[in-house]
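Engineer: Sequence below, structure please.
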Amino acid sequence: MSSDPRTSPRLRSHPSPRRPLRSLLFVPGHRTDWLPKARAAGADAVILDLEDAVPAVDKPLARARVTEALAEAAAQPADDMALFVRINPLDDWTAAGELRAVVRPGLAGVVLPKVRTAADVRLADRLLGWCEHEHGLPTGATALVPLLESARALHDAYDISATAPRVAHVGALTAPGGDVERAVGYRWSREGTETRALRSRVLLDVRAAGAPYPVTGLWTHITDLTGLRAFAEQNRALGYDGMMAIHPTHVPVINEVFAPTPEELDRCARLVAAVESAQRDGIGALTFEGRMVDEAMAETARAVLARHGHG
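Structural biologist: As a prediction, this is how the structure comes out:
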């Protein structure tokens, strides 16, 4: 197999294994001094933003500071907080320059805004391959997170998610007043009823495409932690693995919602033990704590235990 980074994404080697992320916290690229706050809040990942959160006059400074932060992260591999970078849209050479600057050791992935079609992802995938080759990184090591911010992109979520093996953590973002609300035309509500179907359909497309660990968001009401928790619980119930966040105070709530409780993990372990014990006795289905369970439920419980280090 060719090691040429120009190779078609469907023919190249698979990327490094991704890990689930409960919380991905946006931090403006020119304010990398806020990274300790993100780490103290317990964020699984930070998205260093070179796009909307940075004034035009500060964009060169943001690129320089993000590059420095990545170098520091590469020197501290034991740090569990993953670093992503949101670049500017691939409309001109600005984004290509940003990719060359940030694709290096210490970077977990690139967040690609304003995605319209799968062609945008193919271009980003090819550029990332070149950058990885330039810095001696394995092809596919850098995750790609396409942001579905147009009606066309939301409609094509399956194709976008299936375009390249490096695509991960993609999902529907439905913040009030943002690109998606403008594109779709819904009227945002605190309960999220107007976007539940949209978030569900995109999630199904992403899962069907095989893109790992979809995340959603955002909750922009800084002090409304009750509303945040309800929205996070709704997204967890739909099947999302995590959420993007805009403020450190949101991280502990999101982490709690998207992680099983000790009681849930204990129940999973007991369910697996009960099913396996019954199987040894030639019994396929049994009653466990008032519910019928069988191998399918045991397999789901095993997956939960394995994902959270109890397998």
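
Engineer: who's in contact with stretch 111-128?
Structural biologist: For stretch 111-128, contacts defined as Cβ atoms under 8 Å, 6 or more residues apart in numbering pick out 5-6, 9, 47, 51-52, 84-91, 96, 99, 103, 110, 142, 144-150, 152-153, 156, 159-160, 162-164, 166-167, 179. Every C-beta, even on glycine, is put in place using the N, C-alpha and C of the backbone.

Engineer: among those residues, which ones are buried?
Structural biologist: The neighbour-count criterion (16 or more other Cβ atoms under 10 Å) marks 5, 9, 47, 51, 84-90, 96, 99, 103, 110, 142, 144-150, 153, 156, 160, 162-164, 166-167, 179 among those as buried.

Engineer: Could you list which of the residues you listed belong to strands?
Structural biologist: Judged by DSSP state E, strands contain the following of those: 47, 84-86, 110, 144-148.

Engineer: Go through these and say which is closest to L61.
Structural biologist: L61 lies nearest to V85 out of those, by Cβ to Cβ, at 14.6 Å.

Engineer: Who does the closest one form a beta bridge with?
Structural biologist: When bridges are called by DSSP bridges, V85 pairs up with L48, V110.

Engineer: Just confirm L107 is within a helix.
Structural biologist: No - counting by DSSP: H, G, I helix; E, B strand; the rest coil, L107 falls outside a helix, being coil.

Engineer: Model confidence score at W93, please.
Structural biologist: pLDDT, W93: 85.

Engineer: would CSV of the ones in strands among the buried ones among the contacts of stretch 111-128 with pLDDT and distance to G284 be doable?
Structural biologist: Shown next, in CSV, are these (pLDDT from 0 to 100; distance: Cβ to Cβ, whole Å):
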residue, pLDDT, distance to G284
I47, 98, 46
F84, 98, 44
V85, 98, 49
R86, 98, 49
V110, 98, 46
L144, 98, 42
V145, 98, 41
P146, 98, 42
L147, 97, 45
L148, 97, 41
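
Engineer: Taking those residues, tell me the two that lie furthest apart.
Structural biologist: Farthest pair in these, by Cβ to Cβ: V85 and L148, 18.4 Å.

Engineer: before we move on, the earlier item: just put the ones in strands among the buried ones among the contacts of stretch 111-128 in CSV and tack on distance to H133.
Structural biologist: Below are these laid out as CSV (distance: Cβ to Cβ, whole Å):
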residue, distance to H133
I47, 24
F84, 20
V85, 18
R86, 23
V110, 15
L144, 16
V145, 21
P146, 22
L147, 25
L148, 28
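
Engineer: N255: which of these is nearest?
Structural biologist: Proximity of those to N255 (Cβ to Cβ) peaks at I47, which lies at 15.8 Å.

Engineer: I figured R199 was touching N235, is that so?
Structural biologist: Yes - judged on Cβ atoms under 8 Å, R199 makes contact with N235 at a distance of 6.8 Å.

Engineer: Have a look at the two and say which one is more surrounded.
Structural biologist: Counting neighbours by other Cβ atoms under 10 Å for R199 and for N235 shows that N235 has the greater number, 29 against 22.

Engineer: so what's the more buried one closest to, chain neighbours aside?
Structural biologist: Of all residues not flanking N235 in the chain, T216 sits nearest, at 5.0 Å (Cβ to Cβ, 6 or more residues apart in numbering).

Engineer: tell me what the strand or helix carrying the one you found is packed against?
Structural biologist: Under the criterion of DSSP states H and E, T216 resides in strand 215-216. Applying 3 or more Cβ pairs under 8 Å, 6 or more residues apart in numbering; DSSP states H and E, one finds that strand 215-216 contacts strand 242-245.

Engineer: buried set for whichever helix or strand comes after the strand it packs on?
Structural biologist: Helices and strands here follow DSSP H and E; after strand 242-245, the next one along the chain is helix 250-257. Buried residues in helix 250-257, defined by neighbour count with 16+ other Cβ under 10 Å: 250-251, 253-255, 257.

Engineer: Let me know the closest of those residues to H221.
Structural biologist: Among the buried residues of helix 250-257, and counting by Cβ to Cβ, the member closest to H221 is H250, at 9.6 Å.

Engineer: can you pull the contacts of that closest one?
Structural biologist: Contact analysis of H250 by Cβ under 8 Å, 6+ apart lists 23, 25, 219, 222, 225, 228.
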